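K.L.:
What would the 3D arrangement of this be:
(2 chains)
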Amino acid sequence: MEKKFKVEVDCANCAAKMEEAARRVKGVEDVTISFMAQKMMLKAEEPQFDKVLKDVVKVCKKVDGDFEICL
Amino acid sequence: MTKKQKKVLFRILFSAALTVLIHFIPVAGIGKFLLYLLPYLIIGYDVLRKAALGVIHGEVFDENFLMAIATVGAMGLGLFGNDSYAEGVEVMLFYQIGELFQSYAVGKSRSSIATLMDIRPDYANLELDGEITKVSPDTVMPDAIILVRPGERVPLDGVILEGSSTLNTSALTGESLPREVCAGDDIISGCVNLSGLLKVRVTKPFAQSTVTKILDLVENSSMKKAKAENFITKFARYYTPAVCIGAALLAFLPPLFVGNWLEWISRALTFLVISCPCALVISIPLSFFGGIGGASRAGILVKGGNYLEALADTKTMVFDKTGTLTEGVFSVSALYPSDGFAKKELLETAALAESFSNHPISKSLRDALKDAPDTDRVSDVKEIAGNGVTALVDGRRAAVGNARLMERLGVSFLPCTDAGTVVYVAIEQQFAGSILISDRVKKTAPQAIRELQAQGVRTVMLTGDSKKAADAAAKELGIREVHSNLLPADKVAQVEQLLCAKPPRSRLAFVGDGINDAPVLSRADIGIAMGAMGSDAAIEAADIVLMDDDPSRISLAIQISRKCLRIVRQNIVFSLSVKALCLILGALGVTGMQAAIFADVGVMVLAVLNASRTLRAARS
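P.N.:
Residues are numbered from 1 along each chain as shown, chains lettered A, B, ... in the order given. Okay, here's the model as predicted:
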């Protein structure tokens, strides 16, 4: 399943780092975080999607505390 | 400015004023340190907090950490009599100014792209049981009836039931000439109704309408990153740690031999200040974002930065003929009356004789005649299958058909050798002339091909048509390389051959109408579909979508992409060389920390300003 979210990322470098970190989260098939569009695309298996999303958000917040996501 | 930005601006102004004030207060030693600590904390508390959190989370080499180390170092060195308190505050100030400018510039280009793509309709006037209500477009179902008043945006795709008007399609196609529509025509969401009231039957739900498709496409384009963007991410991953290690070496290695620890540590801190690759990291995505946004304004939808990048390297452009370079509809292109007959008489006779036929050729004859033919003037129509028709037109026996018909009737005629379908006309057994019906080359196509060739792009035309028709079109267009008589599968094979033959590191693009060339579109490095207004298949299959069917947009697209890539390269070279210069001067002790951060922020500002030029690329 692929879903897009509106996110708030403050700097381009953070977005790149978050993307890299999120890519390593277990269960993530594909993820892109666009600083310019302020959007995140997450692809993961349907049954565990919510859990994966939660982990991804956690990882992103770790990179930059100002990360916000509109669910 | 957002609230967040205003707050930062206030902090900058306040602590700057405070620093200037402290400068004139005659205190020394620990008192001075404490005084300077005040503006320092005001301007830098969030950076320090983030740096601390970063360390806790194991994110060591982030910019906050580096700024924190550099400025804390400067403040600390001050305690050892280096008098670098002001330096620490100033560095933090410049850093924040740079960040503020960056977030302002990015917000600005975000919103300018948002206004460029402001085609989302706010409401629809739904007609139900004679009453009209304003509703949100996404609640309107297909087959509902809506009204579009002059000045309103067409909210949903549909068919016009009543009324006629002119539509402004410029937000979708970049074409400024209004389009005339009347009852029976298809109408596309996103256009603006200029003059008349239109009654429209909705054909698609909002989620599948043209407007939604275009907005989705543009919004998602930044998800597909260009190679240059990925390069920067990778570069940043190595650059920052490398500079940090360099700083550590600079701080501890030379003083072992020459002493003077304070001086070398301060030089190392200068290194740390320059270690953030901010200018690159922000300006490259911004350039692509602007380029894609500017292109969409011109009716060129690019599905990702990677495609924009590839388009700039395109050296081979392969065209499908019918519908791409030609109109794709048959029309009368020449009239050759024989002696004693007028052009009008020839065309009129042919159109009248064919007036009861539904054949595409009869239709194009009728279209060439300005007024609808008066069928009362025609009688005794006989259709001769595979040959043509004979009829009494104005009391005279007319025969209209192909060469076989003329032979059959024993009329001596002058064969026409032009490419296309030829209709011969005889009146009372006498040859009246011939009419050439062919697919016309689009008006803008020869110009488009010339522009591409001037841009150094090799142009090739593929077609399923006969050699004669293909060569004639190619000659008019100025294309030298033509492959004719191709079946759809042959087109793929032909493109594969061209892919092998293209110059190294260049790209091949295929331009088609997106209807039956999906396999070729996906086989080429870049698939460009044109005339996509209303065609879902084209939007799906292609990497770049031209909203209208004007081939001259292709050279514009290449121009935009090349300008965008040029700006990207300028920024890479410029920011890297300034960084390198600062690193060298910093290591030699020529420049201090202020100069370093000033250069760093300056480069970032210039790079961002340069990047925002891509937004305007389409307008030149």
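
K.L.:
Please make it C-alpha for all contacts and neighbour counts, starting now.
P.N.:
OK.

K.L.:
Quickly find the element holding residue 60.
P.N.:
I went with chain A, as the question did not name one. Per DSSP states H and E: A:Cys60 is located in helix A:49-63.

K.L.:
switch to chain B, that's the one I care about
P.N.:
Per DSSP H and E, there is no helix or strand for B:Val60.

K.L.:
Next, count neighbours for it.
P.N.:
16 (other C-alpha atoms under 10 Å in any protein chain shown).

K.L.:
Quick check: it vs B:Gly54, distance?
P.N.:
For B:Val60, the distance to B:Gly54 equals 6 Å [C-alpha to C-alpha, to the nearest Å].

K.L.:
same check, this time on B:Arg267
P.N.:
Distance of B:Arg267 to B:Gly54, given as C-alpha to C-alpha: 24 Å.

K.L.:
Setting aside sequence neighbours, what's the nearest residue to the closest residue to chain A within the stretch 1-150 of chain B?
P.N.:
Closest contact between the stretch 1-150 of chain B and chain A, by C-alpha to the nearest C-alpha, is at B:His57 (6.3 Å). Nearest in space to B:His57, with sequence neighbours left out and distances taken as C-alpha to C-alpha, 6 or more residues apart in numbering or on different chains, is A:Lys62 at 6.3 Å.

K.L.:
give me the residue from chain B nearest chain A.
P.N.:
Across chain B, no residue is closer to chain A than B:Ile282, which sits at 5.5 Å (C-alpha to the nearest C-alpha).

K.L.:
Tell me which residues touch the closest residue in space to that residue that isn't next to it in sequence, please.
P.N.:
Closest residue to B:Ile282 apart from its sequence neighbours, by C-alpha to C-alpha, 6+ apart: A:Ala12 at 5.5 Å. In this structure, A:Ala12 makes contact with A:Phe35, A:Met36, B:Val281, B:Ile282, judged by C-alpha atoms under 8 Å, 6 or more residues apart in numbering or on different chains.

K.L.:
on that earlier part again, so between B:Arg267 and B:Gly54, which is more surrounded?
P.N.:
Applying other C-alpha under 10 Å to B:Arg267 and B:Gly54 shows that B:Arg267 carries more neighbours, namely 24 against 21.

K.L.:
For B:Gln453, see how far away the more buried one is.
P.N.:
Going from B:Arg267 to B:Gln453 by C-alpha to C-alpha gives 54 Å.

K.L.:
again with B:Cys276
P.N.:
Relative to B:Gln453, B:Cys276 is positioned 42 Å away (C-alpha to C-alpha).

K.L.:
Now do the contacts for B:Ala183.
P.N.:
B:Ala183 makes contact with B:Val159, B:Ile160, B:Leu161, B:Glu162, B:Gly163, B:Ser164 under the criterion C-alpha under 8 Å, 6+ apart.

K.L.:
doesn't B:Ile597 make contact with B:Glu87?
P.N.:
No - counting by C-alpha atoms under 8 Å, B:Glu87 does not reach B:Ile597; the two are 10.4 Å apart.

K.L.:
Relative to chain B, which residue of chain A is the closest?
P.N.:
For chain A, C-alpha to the nearest C-alpha, closest residue to chain B: A:Ala12, 5.5 Å.

K.L.:
Which residue is the nearest non-sequential neighbour of residue 43?
P.N.:
You didn't say which chain, so I picked chain A. With C-alpha to C-alpha, 6+ apart, the residue lying closest to A:Lys43 is A:Glu2, at 4.3 Å.

K.L.:
think we crossed wires, I meant chain B
P.N.:
For B:Ile43, ignoring the flanking residues on the chain, the nearest one in space by C-alpha to C-alpha, 6+ apart is B:Arg11 at 5.8 Å.

K.L.:
ditto for B:Val47
P.N.:
B:Asn64 (5.3 Å).

K.L.:
Now do the SS call for that neighbour.
P.N.:
The three-state assignment at B:Asn64 reads helix, by DSSP: H, G, I helix; E, B strand; the rest coil.

K.L.:
For residue 24, give me phi and psi.
P.N.:
Let's take chain A. Dihedral angles phi and psi of A:Arg24 (degrees, to the nearest 10) take the values phi -90, psi -10.

K.L.:
think we crossed wires, I meant chain B
P.N.:
The phi/psi pair for B:Phe24 (degrees, to the nearest 10) is phi -90, psi 0.

K.L.:
Next, count neighbours for it.
P.N.:
8.

K.L.:
Could you check how far it is from B:Lys32?
P.N.:
For B:Phe24, the distance to B:Lys32 (C-alpha to C-alpha) stands at 11 Å.

K.L.:
Need the residues that contact stretch B:398-415.
P.N.:
For stretch B:398-415, the external contacting residues (C-alpha under 8 Å, 6+ apart) are B:349-350, B:353-354, B:387-392, B:422-431, B:433.

K.L.:
Make a ChimeraX selection of whichever of these turn out to be buried.
P.N.:
Selection of buried members from the contacts of stretch B:398-415 for ChimeraX, criterion 16 or more other C-alpha atoms under 10 Å in any protein chain shown:
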select /B:349,350,353,354,387,388,389,390,391,392,422,423,424,425,426,427,429,430,431,433
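
K.L.:
Narrow the contacts of stretch B:398-415 to those in helices?
P.N.:
Among these, the ones falling in helices (DSSP state H) are B:Thr349, B:Ala350, B:Ala353.

K.L.:
Distance to chain A and pLDDT for these - can I get that in TSV?
P.N.:
Converted to TSV, these look like this (distance: C-alpha to the nearest C-alpha, whole Å; pLDDT from 0 to 100):
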residue	distance to chain A	pLDDT
B:Thr349	62	86
B:Ala350	59	86
B:Ala353	60	86
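
K.L.:
Among the residues you listed, find me the one that's closest to B:Ile539.
P.N.:
B:Ala350 (40.7 Å; C-alpha to C-alpha).

K.L.:
out of B:Glu87 and B:Ile597, which sits in the more crowded spot?
P.N.:
B:Ile597 (25 against 17).

K.L.:
Show me what from chain A comes close to chain B.
P.N.:
Contact residues (C-alpha under 8 Å from any C-alpha of the partner chain) of chain A with chain B: A:10-13, A:16, A:32-34, A:36-37, A:41, A:62-65.

K.L.:
Narrow these to those in strands?
P.N.:
Judged by DSSP state E, the residues of chain A next to chain B include A:Thr32, A:Ile33, A:Ser34, A:Met41 as members of strands.
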